[in-house]
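Engineer: any chance you could fold what I've pasted below:
(chains A and B, ligands or ions: 1)
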Amino acid sequence: MTARTLFDKLWDAHVVVPDTDEAPAVLYVDLHLIHEVTSPQAFAELRARGLSPRRPDRTKATMDHSTPTLPRGADGRLPYYTPASESQVEMLARNCAEAGIELFDFGSDQRGIVHVFAPEMGFTQPGMTIVCGDSHTSTHGAFGALAFGIGTSEVGHVLATQCLLQRRPKTMAVNVEGALAPGVGAKDVTLHVIGTIGVNGGTGHVIEYRGSTIRAMDMEERMTLCNMSIEAGARAGMVAPDETTFAWLENAPRAPKGPDFEAAKARWRELRTDPDARFDAEVTIDAADIRPTLTWGTHPGTAIAVDRAIPEAADAAAQKGLDYMRLAPGLSLQGTPVDVVFVGSCTNGRLRDLREVAQVLAGRRIAAHVRMLVVPGSEQVKREAEAEGIPEIVRAAGAEWREPGCSMCIAMNGDLVAPGQLAVSTSNRNFEGRQGPGSRTLLASPLTAAWAAVHGHVADPREFFARQPQREVA
Amino acid sequence: MNVLQSPTAQPQADDRRTLRVRSRSVVLAQTNIDTDQIIPARFLSTTEREGLGRHAFNDWRWRADGTPDPDFAFNRPENAGRSILIAGRNFGCGSSREHAPWALRDLGLRAIVSSEIADIFRSNALKNGLLPIVLPETVVQALMRRPDDELEIDVATRELRTPGNHVYRFPLDAFSRTCLLEGVDELGYLLARQADITLYEDRFHAR
Ligand code: SF4
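Structural biologist: Numbers count the residues shown, from 1 in each chain, chains lettered A, B, ... in the order given. I've put the predicted structure just below:
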């Protein structure tokens, strides 16, 4: 048998009908995640054809994008941003009830951003194919799953047939070797990778992250890393499962239990790239080269280390990005005044991220002119953070502690960065207007974001560690 | 089995069917145009597919006070009615929102020409009769310089032709080509394979 990559093994195990010159492969989907924004038209299509979902048991739903992050009002009503947002959420509830799909709604203590709640629940498991009408589905690859985003028509295909038509993508290995310096985390790694291979460097590929740096990461860090694979154009990112993965799943409520778990673990151990397997492309990165990293432009590929100078615009698009951001080449981003700091999203809205932020904010105040939102990625993250006293630290520092949801990452729910304001955000996209019309976004790690909030301008988070004894580092 | 065999009605078959596009072009030379620009997130609260054209490129087309920006390509009178967009490299990157091709179709576009088109956008476009045409960067640059040439895109021959009789072959897999020519949709194709799917489930998954 020829040597295969992790991706090859996952692909081969899910082919229902192999691809030919005439048609793509029919690929089976183990887990389908849905949310309110990209599913209504898919249900409508099924209804128009007289079809019903084939495997509601393999479909899990949550509400996250259009949902308010402020608590219910005195009248008990949720403060939806627009009537359209509310009716979108209601439509999801109706569609799920009709189809018998399990929904994690406002009544559930497990509701959350789709890419945060599913791994917490243990729905996300090694070896699975996982899809969602959302490009950051790549997050679930952290568990050694083949997970990718699809469009709404395809949401309909999966609802109706539990399958997708897919051409086999190419494979790319991203090897990261060595130890990360204090103050440098998974978000810096992913921004560094995108800055290295480019915003389209992964197009047509599935990335496998490998190397000692990755093996040393916990699951939350691996999710941060895989989450942003799409920002390099890749369909998916993945990490081979190991003891770290199994330890997470052992505690997840809906993962296999007892003897089933042991049997699953034996299968999951096989999910690794064979020693002689070849990737279509390979990139190797030295962890020692990675510093705290932010973006300066209007796509995630414009990533530079915090102490590096903003480069000259290489083309008209880069110049447009600089103009939009009101930044000039030559100086580093340090000292750039900040109006808003956003901590949250499926990239950095997990407990580890909030702990890092709390560590910086403890005993400090954010700058008077800065508005800071801290938004847990799920009800579970919120609960765990509360148990550690994180909301109190956040509030005492002068920042807002919110209810779980996508919030300012996509700015659909009324959590907006005002026109012209500059935000340091732990989310994944710095596109023009992503956080509200006219908003300007610098992507960064939770540490960098919190450190910027305290200073009122971009600053090097390694300074924080220079002042702290090492053992306090989470 | 015949690719064209579909056991259910196809409400939008005519919409999906695209044999040929003949038009002058609109040029957006910028690289990395993401789907947040094509249709900003605040317009995604809709539960419909229709009516998004008004908001296509919303924040580039309309100023904050709601008046059109006269310099933006889609606001220039000479570009009215054109159905081919020539765009910079890596068009459609970012979010997987199918609202992007819905908005562009609703705006009147039938084809996007670029030297690179992002994976998910490409897949979404094909399902909505919007042709993703990928040509070498030098060709795209040359086409960008002559937006008033009437181009002809032929799905059957996979060719883009210029009035100067240049003929460029573009890649289009056999399956997508058939779907476009016949107005067949992928769901119909998948539904015709339900027996295979059941067999797979029986073999590999406890049902
Ligand atoms: S947090 Fe942002 S990127 Fe993640 S699912 Fe929500 S909107 Fe998408």
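Engineer: flag the shaky bits of chain B, pLDDT-wise.
Structural biologist: In the predicted model, chain B carries pLDDT under 70 at residues B:1-16, B:205-207.
Engineer: what are the boundaries of the strands in it?
Structural biologist: Applying DSSP state E to chain B gives strands spanning B:20-23, B:25-28, B:84-87, B:111-114, B:131-134, B:151-154, B:159-161, B:167-169.
Engineer: the one residue in the stretch 251-400 of chain A that gets nearest to chain B: which element?
Structural biologist: Nearest residue of the stretch 251-400 of chain A to chain B (CB to the nearest CB) works out as A:A317 at 4.3 Å. (C-beta placed from N, C-alpha, C; glycine too.) Assigned by DSSP states H and E, A:A317 belongs to helix A:316-325.
Engineer: ok, how many other residues are close to the residue of the stretch 251-400 of chain A closest to chain B?
Structural biologist: A total of 20 residues lie near A:A317 under the criterion other CB atoms under 10 Å in any protein chain shown.
Engineer: now do A:E102
Structural biologist: 15.
Engineer: one more: the one 5 residues further on?
Structural biologist: Look at A:G107: counted by other CB under 10 Å, it has 7 neighbours.
Engineer: go on, B:L104?
Structural biologist: B:L104 has 26 nearby residues by other CB under 10 Å.
Engineer: pull out the buried residues from the helix ranked longest in chain A.
Structural biologist: Assignment by DSSP state H gives helix A:83-99 as the longest helix of chain A. Neighbour-count burial for helix A:83-99, counted by 16 or more other CB atoms under 10 Å in any protein chain shown, picks out A:A84, A:S85, A:E86, A:S87, A:Q88, A:V89, A:M91, A:L92, A:N95, A:C96, A:A99.
Engineer: CA atoms only for stretch A:245-252, dumped as PDB, please.
Structural biologist: Coordinates of each C-alpha in stretch A:245-252 appear next as PDB, following Å, rounded to 0.1, in the frame of the first residue of the first chain:
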ATOM      1  CA  THR A 245      -6.700  15.400  21.600                       C
ATOM      2  CA  PHE A 246      -7.900  12.300  23.400                       C
ATOM      3  CA  ALA A 247      -7.600  14.000  26.800                       C
ATOM      4  CA  TRP A 248     -10.000  16.800  25.600                       C
ATOM      5  CA  LEU A 249     -12.500  14.200  24.200                       C
ATOM      6  CA  GLU A 250     -12.500  12.100  27.300                       C
ATOM      7  CA  ASN A 251     -14.100  15.100  29.100                       C
ATOM      8  CA  ALA A 252     -16.500  16.000  26.300                       C
END
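Engineer: state the mean pLDDT of it.
Structural biologist: In this model, stretch A:245-252 has a mean pLDDT of 97.
Engineer: with stretch A:93-103 instead?
Structural biologist: Per-residue scores along stretch A:93-103 average to 97.
Engineer: before we move on, what about stretch A:200-219?
Structural biologist: 96.
Engineer: that older thread, output the strands of chain B as JSON lines; include the columns mean neighbour count.
Structural biologist: As requested, these are exported to JSON lines (neighbours: other CB atoms under 10 Å in any protein chain shown):
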{"stretch": "strand B:20-23", "mean neighbour count": "16"}
{"stretch": "strand B:25-28", "mean neighbour count": "22"}
{"stretch": "strand B:84-87", "mean neighbour count": "25"}
{"stretch": "strand B:111-114", "mean neighbour count": "24"}
{"stretch": "strand B:131-134", "mean neighbour count": "22"}
{"stretch": "strand B:151-154", "mean neighbour count": "20"}
{"stretch": "strand B:159-161", "mean neighbour count": "18"}
{"stretch": "strand B:167-169", "mean neighbour count": "13"}
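Engineer: these into a markdown table, with extra columns for distance to A:P391?
Structural biologist: Listed next are these as a markdown table, based on distance: least, CB to CB, whole Å:
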| stretch | distance to A:P391 |
| --- | --- |
| strand B:20-23 | 56 |
| strand B:25-28 | 45 |
| strand B:84-87 | 45 |
| strand B:111-114 | 46 |
| strand B:131-134 | 47 |
| strand B:151-154 | 57 |
| strand B:159-161 | 58 |
| strand B:167-169 | 59 |
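Engineer: what would the ones you listed look like in a markdown table with distance to the ligand?
Structural biologist: As requested, the strands of chain B are arranged in a markdown table below (distance: least, CB to the nearest ligand atom, whole Å):
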| stretch | distance to the ligand |
| --- | --- |
| strand B:20-23 | 33 |
| strand B:25-28 | 25 |
| strand B:84-87 | 24 |
| strand B:111-114 | 24 |
| strand B:131-134 | 23 |
| strand B:151-154 | 34 |
| strand B:159-161 | 35 |
| strand B:167-169 | 37 |
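Engineer: out of those strands, which comes closest to A:A263?
Structural biologist: Ranking those by proximity to A:A263 (CB to CB) places strand B:131-134 first, at 44.1 Å.
Engineer: packing partners of that closest one?
Structural biologist: Identification of packing neighbours for strand B:131-134 by 3 or more CB pairs under 8 Å, 6 or more residues apart in numbering or on different chains; DSSP states H and E yields strand B:111-114, helix B:119-126.
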